[in-house]
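Participant: structure for the following, please:
(one chain, ligands or ions: 1)
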Amino acid sequence: MASQHKTLDDLATLVSLCKRRGFVFQSSEVYGGLNSCWDYGPLGVELKNNVKRVWWDAMTLRDDVVGLDASILMAPQVWKASGHVDGFSDPLVECKKCKSRHRVDKMKDPKKCDTCGSSELSEPRNFNLMFKTFMGPVEESAAVVYLRPETAQGIYVNFENVQISMRKKIPFGIAQIGKAFRNEITPGNFTFRTREFEQMEMQYFVKPGSDDEFMNMWKEVRFSFYSKVGFKMENLRFHQHGKGELAHYAKDAYDIEYKFPFGWNELEGIHNRTDFDLKNHQQLSGKKLEYFDEATKEKFIPFVVETSAGCDRMTLAVMCDAYREELAGEGEDDKRVVLGFHPDLAPIKVAFLPLSKKPDLMDLSHKLRSDLRHFKSQYDESASIGKRYRRQDEIGTPFCVTIDFETLNDKKVTVRHRDTMVQERVSMDQLNLYITEKLKNF
Ligand code: GAP
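Facilitator: Predicted coordinates for the structure are as follows:
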């Protein structure tokens, strides 16, 4: 049985595991890498897809929320109306000595350069975080478009399309997963803050006056989501935004914070955005974005409660939370590193391991794997069985199935459980049912 656990206290350990085991690679690494950009490897993309899937199911397997996939490029007026052209900026200073740039509100001492300690700093200036590009062949100001800095606006400008086509009655929500871009001054901490990232956002349209009630409802729904997907609840907490912290659109806001190895930080935001966005789009576009309440015959612009989570950031938190080192007590190679993912999130569900490289055992392992191909699996025949268990532990595979010489006679395999390391003999013809049940009732 496992003895004492050590959790992750250093991000570098995870960064190295991610590269070694195919979760995350530096972008454009052969050219020396591109700062703050990361690529998901074969296991990383499975993990991230699973994160998206559990979020999507949690949000859209409800009567009151429907999905959307809006385009990244939008009419530039969108960002004028949303306040991003004028208000989405961070205060930036440049060190005259070492030329490094810093976000003033994040500096240890706003009078001294964080890199070289010099006090020769430029005056702070506001730096807009939106990426600009040009639509069409001519690079002129009339052709400027922005890469969206949040997915939310695609939802607001489609509010009426969705409400009418789906005949939705307030309160209802629209959920979306997609890329967002911000030209962050200080990206860092691996995939925590990057310039290109994915968001999982939901905008919930409510009657003005009921916004506080729905804010409370979504705070509860979103917090309990994390426990359902296996997070340790002692690593999560709420942080309410003070007056100076509120985004330009928010009346009230709570962050769900996670205890990363580099400290407590925002994982998801829950915002009361009032009628700020719809009202501004109605004003600038000249198109009515009101809702007509059949029951009361009232017309109004809905208020919006938003839940906004970063997909990359959640994937990072999932890995940090799942990581542990322990003394295995399983013989050779005694220390083991485990990513104890919830089975819904684990990139690989089952590994098939023939005890030795005897053709009979290998053939049977391949056949069994092929019969159970609906589970994402790996096949591994190299190195000792202990080493192969360690490899699967390190990528978070809940079950290893070992095919040994006895299997040829009794038609049973050994199923080894990742967390308890308990081993059970299971009939091959019962294996599908066994794994299905165990994954469901983990
Ligand atoms: N629509 C509201 C909105 O975008 P936000 O608090 O700016 O609110 C929401 O962002 C979430 O998006 C954050 O909680 C975080 O998880 C993620 N996020 C924001 N900026 C990010 C970045 N530069 N890199 C990775 N994730 C980011």
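Participant: and this structure, which residues reach the ligand?
Facilitator: 150, 152, 182, 184, 193-194, 197, 199, 201, 266-269, 306, 308-310, 312-313 (Cβ under 6 Å from any ligand atom). For glycine as for every other residue, the C-beta is placed from the backbone atoms N, C-alpha and C.
Participant: in helices only, show me those.
Facilitator: 152, 312-313 (DSSP state H).
Participant: and which of those is nearest Lys299?
Facilitator: Ala152 (23.4 Å; Cβ to Cβ).
Participant: pretty sure that closest one contacts Glu201?
Facilitator: Yes. Contact status for Ala152 versus Glu201: in contact at 5.4 Å, counting by Cβ atoms under 8 Å.
Participant: common neighbours of the two, please.
Facilitator: Common contact partners of Ala152 and Glu201 (Cβ atoms under 8 Å, 6 or more residues apart in numbering): 306, 308.
Participant: C-alpha coordinates for stretch 229-246, CSV please?
Facilitator: C-alpha atoms of stretch 229-246 as CSV (Å, rounded to 0.1, in the frame of the first residue of the first chain):
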residue,chain,number,x,y,z
VAL,A,229,-14.0,16.2,-11.5
GLY,A,230,-11.7,15.2,-8.6
PHE,A,231,-10.1,18.4,-7.4
LYS,A,232,-9.0,18.5,-3.7
MET,A,233,-11.3,21.1,-2.3
GLU,A,234,-8.7,22.5,0.1
ASN,A,235,-6.9,23.8,-3.0
LEU,A,236,-9.8,26.0,-4.0
ARG,A,237,-11.4,29.1,-2.6
PHE,A,238,-13.4,32.2,-3.7
HIS,A,239,-12.0,35.7,-3.9
GLN,A,240,-14.3,38.6,-4.3
HIS,A,241,-13.0,41.5,-6.4
GLY,A,242,-12.5,44.7,-4.5
LYS,A,243,-13.5,48.0,-6.2
GLY,A,244,-10.1,48.6,-7.8
GLU,A,245,-10.0,45.0,-9.2
LEU,A,246,-13.3,45.0,-11.1
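Participant: from Tyr40, how far off is the spatially most central residue of the chain?
Facilitator: In the chain, the C-alpha nearest the mean C-alpha coordinate belongs to Cys311, at 2.2 Å (Cα atoms, centre = their mean). Note on Cys311: its distance to Tyr40, by Cβ to Cβ, to the nearest Å, is 11 Å.
Participant: shared neighbours of the two, anything?
Facilitator: With Cβ under 8 Å, 6+ apart as the test, Cys311 and Tyr40 both reach Lys48.
Participant: what's in contact with stretch 173-181?
Facilitator: Applying Cβ under 8 Å, 6+ apart, the contact partners of stretch 173-181 are 52, 55-56, 59-60, 64-70, 72, 130-131, 147-151, 154-155, 158-159, 162, 195-205, 311.
Participant: can I take it that Gly169 is in a strand?
Facilitator: Check again: residue 169 is Lys, not Gly. No. In this structure, Lys169 is coil, not part of a strand, as judged by DSSP: H, G, I helix; E, B strand; the rest coil.
Participant: give me the nearest residue to it, chain neighbours excluded.
Facilitator: Leaving aside its chain neighbours, Lys169 sits nearest to Glu294 (7.8 Å; criterion: Cβ to Cβ, 6 or more residues apart in numbering).
Participant: Val422 now?
Facilitator: Arg416 (7.4 Å).
Participant: now do the buried residues in stretch 212-220.
Facilitator: For stretch 212-220, burial by neighbour count (16 or more other Cβ atoms under 10 Å) applies to 214-215, 218-219.
Participant: give me the distance between Val162 and Gly244.
Facilitator: According to Cβ to Cβ, Val162 and Gly244 sit 34 Å apart.
Participant: which of those two has more residues huddled nearby?
Facilitator: The residue with more neighbours, out of Val162 and Gly244, is Val162; 17 against 6, by other Cβ atoms under 10 Å.
Participant: which residue, other than its chain neighbours, is closest to that one?
Facilitator: Here the residue nearest Val162, using Cβ to Cβ, 6+ apart, is Ile174, at 5.6 Å.
Participant: Leu17: which of the buried residues of stretch 212-220 is nearest?
Facilitator: Of these, the one sitting nearest to Leu17 (Cβ to Cβ) turns out to be Lys219, at 33.0 Å.
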